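*Asks:* Following is a predicted model, sequence given first.
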Amino acid sequence: MATEQPFDVVVVGLGAIGSAALYHLAARGARALGLEMFEPGHGFGSSHGHHRMIRKSSNQDDGYVPLAERAFELWSALETESGQELLRQTGEIRLVQPDAAGSKRAQAEALQARGFLEVLDAAEVAERFPGCQLYDDMFATYEADAGFLWSERGIITHVAQARRHGATVRTNTEVTGWQADGDGVRVTTAQGAYVADRLVLTTGPWAAELLNGLELPFRVIRSVNGYFQPERPDRWTTEQGAPNFLLDVAEGSYYGIASVDGIGVKIGRSATEWGTPTTARTIRRSIDDEEIAMMRRALERYLPGAAGSELARITCMCTYTVDDNFIVDRHPACERVLLGCGFSGRGYKFAPTMGEVLADLALDGTTRHTIDFLAATRFQ
Ligand SMILES: Cc1cc2nc3c(=O)[nH]c(=O)nc-3n(C[C@H](O)[C@H](O)[C@H](O)COP(=O)(O)OP(=O)(O)OC[C@H]3O[C@@H](n4cnc5c(N)ncnc54)[C@H](O)[C@@H]3O)c2cc1C
């Protein structure tokens, strides 16, 4: 088995996070190798289906806010460098069914006070967003900075720019194992072995497979998206100014993106609320009609004019930890190995920041970003 010249860093898995890590490593001058078992932008992991939503506000840990703000900067910089459109700021409307305790309203008002979004009543929504339907005592929020990222294009662009900065990329190359010692890390594939000073593992829903005995509390969840031709393109196309949407309503938590470039209105339901546990090797890719019908019902009730004929349906996977926070850290048993995994149902937007952090950890051993809450050791 051939062994190529040593690299500074090998990145395994060139999905959302790994492609960004490879880019940041190469841009900083490291001799970087990226290994991917499919082609960048493929449809078998967590990052396909055209686009992903991005926003600065967070209903989870506040630690995500600076990471999201940095992500906006880095996506824009990558657009400038590559000449590709990656980020489109369409705004985002959330339709909210209040809870009895009033905590959802209080949370929305707190985010408004911090300048992230506006809280809107039914009359304001009717005037500004006539495609949205509120009932009874519902309210809405609107985050103007939010938008979407072209997700497959983002991965392909990170890989292309990494190559331009000198990275080596091997696609259709599955990593089967790694071993570390005082001299470096040896990474094994069916086609050959590679040696590096550091290894970055960004294998998405396959993350549990290459941890060399480390147990991390992952749950991989099968998730479904439907795409609908809008009946009212004047109300539900991005080209006509339609925003992303979130529904926090009696029927459940839904998210989606208005039709753009004829793709159709995309909708999904929160994977933690409704997705089914699976693994990356055994996921059921077929989709039941009832799964699509459920999403159509939500659109028809709250976003009239959004759901015409069905255009497409896809399955995807989200990887959650028990506390829903990501893992971005050294491997607790091996300081040469960095982990970037467990990116849940909201990780795509953070990809360039996570890539920057992983490059910092691999090359400097430390990062200026605050990532303590993402430590792998928090589960021990
Ligand atoms: C339906 C859906 C909607 C979502 N919506 C949003 C959203 O609106 N906004 C948002 O920010 N996030 C969203 N997310 C979450 C986001 O997409 C994920 O957090 C993110 O894509 C995870 O990226 P990743 O790099 O960890 O995984 P992936 O992109 O899947 O990358 C992992 C890569 O590793 C490769 N790999 C694995 N094992 C090996 C091996 N042994 N050898 C070589 N290569 C290997 C795989 O082929 C793959 O390319 C959504 C997720 C889903 C499923």
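*Replies:* Right, received. Where do you want to start?
*Asks:* Buried residues in stretch 332-348, which are they?
*Replies:* Applying a neighbour-count criterion of 16 or more other Cβ atoms under 10 Å, one finds 332, 334, 336-348 buried in stretch 332-348. Just so you know, the C-beta spots here come from the backbone N, C-alpha and C atoms, and that holds for glycine as well.
*Asks:* Filter those down to the ones in helices?
*Replies:* The members of the buried residues of stretch 332-348 all map outside helices under DSSP state H.
*Asks:* overlap between those residues and the residues near the ligand?
*Replies:* Near the ligand, judged by Cβ under 6 Å from any ligand atom, the entries from the buried residues of stretch 332-348 are 343-348.
*Asks:* Can you add pLDDT and give those residues back as JSON lines?
*Replies:* Below are those laid out as JSON lines (pLDDT from 0 to 100):
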{"residue": "Phe343", "pLDDT": "98"}
{"residue": "Ser344", "pLDDT": "96"}
{"residue": "Gly345", "pLDDT": "96"}
{"residue": "Arg346", "pLDDT": "96"}
{"residue": "Gly347", "pLDDT": "98"}
{"residue": "Tyr348", "pLDDT": "98"}
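*Asks:* which one of those sits closest to Leu303?
*Replies:* Nearest to Leu303 among those, counting by Cβ to Cβ, is Gly345 at 20.2 Å.
*Asks:* which non-adjacent residue is nearest the closest one?
*Replies:* Cys318 (4.3 Å; Cβ to Cβ, 6 or more residues apart in numbering).
*Asks:* quick one: low-confidence parts of the protein?
*Replies:* Residue ranges of the chain with pLDDT under 70: 1-4.
*Asks:* if I pick the residue nearest to Gly345, what's in contact with it?
*Replies:* By Cβ atoms under 8 Å, 6 or more residues apart in numbering, the residues touching Cys318 are 46, 205, 220-221, 223, 271, 275, 343-345.
*Asks:* One more: Glu69?
*Replies:* Applying Cβ under 8 Å, 6+ apart, the residues contacting Glu69 are Lys56.
*Asks:* Smallest distance to the ligand belongs to which residue of the stretch 1-150 of the chain?
*Replies:* Gly15 (1.8 Å; Cβ to the nearest ligand atom).
*Asks:* just checking, Arg297 is part of a helix?
*Replies:* Yes - counting by DSSP: H, G, I helix; E, B strand; the rest coil, Arg297 is found in a helix.
*Asks:* I'd like the next helix or strand past the longest helix that the chain contains.
*Replies:* For the chain, the helix with the greatest residue count under DSSP H is helix 64-82. Going down the chain from helix 64-82, the next helix or strand is strand 87-88, by DSSP states H and E.
*Asks:* Paired strands for that next one, with orientation please.
*Replies:* With DSSP bridges as the test, strand 87-88 is paired with strand 147-150 (antiparallel).
*Asks:* just the CA coordinates of the longest helix of the chain, formatted as CSV?
*Replies:* Extracted in CSV, the C-alpha atoms of helix 64-82 (Å, rounded to 0.1, in the frame of the first residue of the first chain):
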residue,chain,number,x,y,z
TYR,A,64,-23.9,30.7,18.9
VAL,A,65,-24.5,34.4,18.1
PRO,A,66,-20.8,35.4,17.6
LEU,A,67,-20.2,32.2,15.6
ALA,A,68,-23.2,33.1,13.4
GLU,A,69,-22.0,36.7,13.0
ARG,A,70,-18.6,35.5,11.9
ALA,A,71,-20.2,33.0,9.5
PHE,A,72,-22.0,35.9,7.7
GLU,A,73,-18.6,37.6,7.3
LEU,A,74,-16.9,34.5,6.0
TRP,A,75,-19.6,33.5,3.6
SER,A,76,-19.5,37.0,2.1
ALA,A,77,-15.7,36.8,1.9
LEU,A,78,-15.9,33.5,0.1
GLU,A,79,-18.5,34.9,-2.3
THR,A,80,-16.0,37.7,-3.1
GLU,A,81,-13.1,35.4,-3.5
SER,A,82,-15.0,32.9,-5.7
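*Asks:* What residues sit buried inside that helix?
*Replies:* Across helix 64-82, burial judged by 16+ other Cβ under 10 Å covers 64, 67-68, 70-72, 74-75, 78-79, 82.
*Asks:* and those residues near the ligand, which?
*Replies:* Within these, nothing lies near the ligand by Cβ under 6 Å from any ligand atom.
*Asks:* how about those in CSV, adding distance to Val328?
*Replies:* Converted to CSV, the buried residues of helix 64-82 look like this (distance: Cβ to Cβ, whole Å):
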residue, distance to Val328
Tyr64, 12
Leu67, 10
Ala68, 14
Arg70, 13
Ala71, 13
Phe72, 19
Leu74, 15
Trp75, 18
Leu78, 19
Glu79, 24
Ser82, 24
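*Asks:* Write out the residues of the stretch 251-380 of the chain neighbouring the ligand.
*Replies:* Counting by Cβ under 6 Å from any ligand atom, the stretch 251-380 of the chain comes close to the ligand at 268, 316-318, 343-349.
*Asks:* Could you identify the most distant pair in those?
*Replies:* When Cβ to Cβ is used, the two most widely separated members of these are Met317 and Lys349, lying 17.2 Å apart.
*Asks:* between these two, which one's more packed in?
*Replies:* Ranked by neighbour count (other Cβ atoms under 10 Å), Met317 and Lys349 place Lys349 first, with 28 against 22.
*Asks:* How about the contacts made by the more buried one?
*Replies:* 52-55, 68, 71, 149.
*Asks:* Just give me the closest of those to Asp8.
*Replies:* Distance to Asp8 across these (Cβ to Cβ) is lowest for Ala71, with 24.6 Å.
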